[in-house]
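Student: Take a look and give me a structure for this.
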Amino acid sequence: MARPPRWQATLDASVEEACLAVRLYNDPAESRSFEGFVIHMHLAWLYLLHAEFIRERIARGGGTAPAPAGGPGSGIKHDSFLKMSIPDATKKLLDMKRVKQSTQEVMDALEQGGLPRSKYNTVYSILSRREKQIGDIINMKGDWALAEWYPNHRPKAKAPA
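Tutor: Residues are numbered from 1 along each chain as shown. Purely as a prediction, here's the structure:
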């Protein structure tokens, strides 16, 4: 049997705390039922948020926020993008950073990750083509993002021929 994901135990603890809070609140023999309810419900919400952070990999390196872009904890190693195309490397970069990136930021990160330096127009053209043909990477007012982050984003209308 496969081991459950790490976040599952935290989610289970959240459910247990919520059930305990409701049991304490509904127990007529308990003299301080409201205080117990508030404390255990607070813990339930805390555990639920922790489970979501663990599941979404938001808490990196023991912190509760993503590592700053380009810093030592940014996750971009010198070989992170070796043997990858520019669109695939950009998709991996955006997935790692979880924040929109300008074309220049993408170029700098790809170079840091082991790809050779490319011209601005080349990178922009390649990513624009990827946006039109596949649609997994989109341009949002000059910044590149993953389409899955913006499910309601409508692609630009094609100009009439």
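Student: Would you map the strands across the protein?
Tutor: Assigned by DSSP state E, the strands in the chain fall at 101-102, 137-140, 143-146.
Student: Who are the packing partners of the last one?
Tutor: Where contact means 3 or more C-beta pairs under 8 Å, 6 or more residues apart in numbering; DSSP states H and E, strand 143-146 is packed against helix 86-97, strand 101-102, strand 137-140. Quick note: C-beta positions are derived from backbone N, CA and C, even for glycine.
Student: So what's the residue count around residue 25?
Tutor: By the criterion of other C-beta atoms under 10 Å, residue 25 has 16 neighbours.
Student: same question but for residue 30, I mixed them up
Tutor: Residue 30, neighbours per other C-beta under 10 Å, totals 14.
Student: Give me the distance between the closest residue to it other than its chain neighbours and residue 139.
Tutor: What sits nearest to residue 30 in space, not counting adjacent residues and going by C-beta to C-beta, 6 or more residues apart in numbering, is residue 24, at 5.7 Å. Relative to residue 139, residue 24 is positioned 52 Å away (criterion: C-beta to C-beta, to the nearest Å).
Student: try residue 46
Tutor: 38 Å.
Student: again with residue 88
Tutor: From residue 88 to residue 139 the distance is 17 Å (C-beta to C-beta).
Student: Would you mind telling me which of residue 46 and residue 139 has more residues around it?
Tutor: Comparing residue 46 with residue 139 by other C-beta under 10 Å, the one with more neighbours is residue 139, at 17 against 14.
Student: pLDDT at the spatially most central residue of the chain, what is it?
Tutor: The centre of the chain sits closest to residue 98, judged by C-alpha atoms, centre = their mean, with a distance of 4.7 Å. In this model, residue 98 is scored at 90, pLDDT.
Student: now do the one 4 residues further on
Tutor: Residue 102 is assigned a predicted lDDT (pLDDT) of 93.
Student: Pull the number of nearby residues for it.
Tutor: Count around residue 102 with other C-beta under 10 Å applied: 11.
Student: what's across from it in the sheet?
Tutor: Beta bridges link residue 102 to residue 143 when assigned by DSSP bridges.
Student: Let me see the contact set for it.
Tutor: With contact set as C-beta atoms under 8 Å, 6 or more residues apart in numbering, residue 102 has these partners: 142-144.
Student: what about burial for those residues, which qualify?
Tutor: For these, a burial check counting by 16 or more other C-beta atoms under 10 Å picks out residue 144.
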